[in-house]
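>>> fold the following for me, if possible:
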Amino acid sequence: MAIRTILTNPRYTGYQCWNRQRKDEVLVNVRDVALGHTTRLRWNTGDKWVRSDKPAHPAIINLDSFDQVQAKLATRGATTTKVKPRRTPRPYIFRGLLFCGVCGRRMQGQWLHGMAYYRCRFPEEYALAN
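Below you'll find the model as predicted:
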């Protein structure tokens with residue numbers, strides 16, 4: 001068992017935890033709805049998790065230490081490192097700023113008729129079923 005697993009999984013605090021993941025139905029092919037959909041597991045944010053009122057088993061890490069580690073890890077993820085810019089003959093002014101509303105990944109720039117357009121690179125894989 002890795003230390004990072006213990007420090008990031010709330011079950012090691014002794015409490016039961018539910019609703020950490022959700023199931024989303026994703027179309028197999030957007031252009032052919034008759035093919036159906038697949039189910040993908042996605043992580044919920046920490047505020048949507050549900051924790052039991054009473055401890056269910058002995059804790060490996062106490063709740064205060066767990067919360068301190070979560071706060072520390074959250075600040076680490078917020079910092080960015082200096083990345084060397086990619087060389088491209090065309091300027092994409094929204095590079096790294098636009099994200100797909102469905103899958104949450106960065107959108108890709110593409111030039112068409114002398115103008116920059118932005119699109120999701122994975123529309124077939126992550127289109128949601130209606």
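>>> got a list of what the residue positioned nearest the centre of the chain touches?
Nearest to the geometric centre of the chain sits W43, at 6.4 Å (CA atoms, centre = their mean). By CB atoms under 8 Å, 6 or more residues apart in numbering, the contact set of W43 is R20, Q21. Every residue, glycine included, has its C-beta placed from N, CA and C.
>>> show me where the protein has its strands.
17-18, 21-27, 37-43, 50-51, 108-112, 115-119 (DSSP state E).
>>> for R76, find the nearest of the ones you listed.
When those are compared by CB to CB, strand 37-43 sits nearest R76, at 17.5 Å.
>>> just want the angle from that closest one to strand 21-27.
150 degrees (axes from the mean of the first three to the mean of the last three CA atoms, to 10 degrees).
>>> strand 37-43 pairs with which strands?
Sheet pairing here is set by DSSP bridges, and for strand 37-43 it gives strand 21-27 (antiparallel).
>>> if you count neighbours, what's buried in the strand it pairs with?
D24, V26, L27 (16 or more other CB atoms under 10 Å).
>>> pick the one among the residues you listed closest to G36.
L27 (7.8 Å).
>>> surely G14 meets D53?
No - the pair G14 and D53 does not pass the contact test of CB atoms under 8 Å, sitting 11.9 Å apart.
>>> of the two, give the one with the bigger neighbour count.
G14 (18 against 6; other CB atoms under 10 Å).
>>> do you know how far I61 is from G96?
Using CB to CB, to the nearest Å, I61 is found at 36 Å from G96.
>>> which of the two has more neighbours?
A count of neighbours by other CB under 10 Å puts I61 above the other of I61 and G96, at 16 against 11.
>>> mind checking pLDDT for the more buried one?
On pLDDT, I61 comes in at 91.
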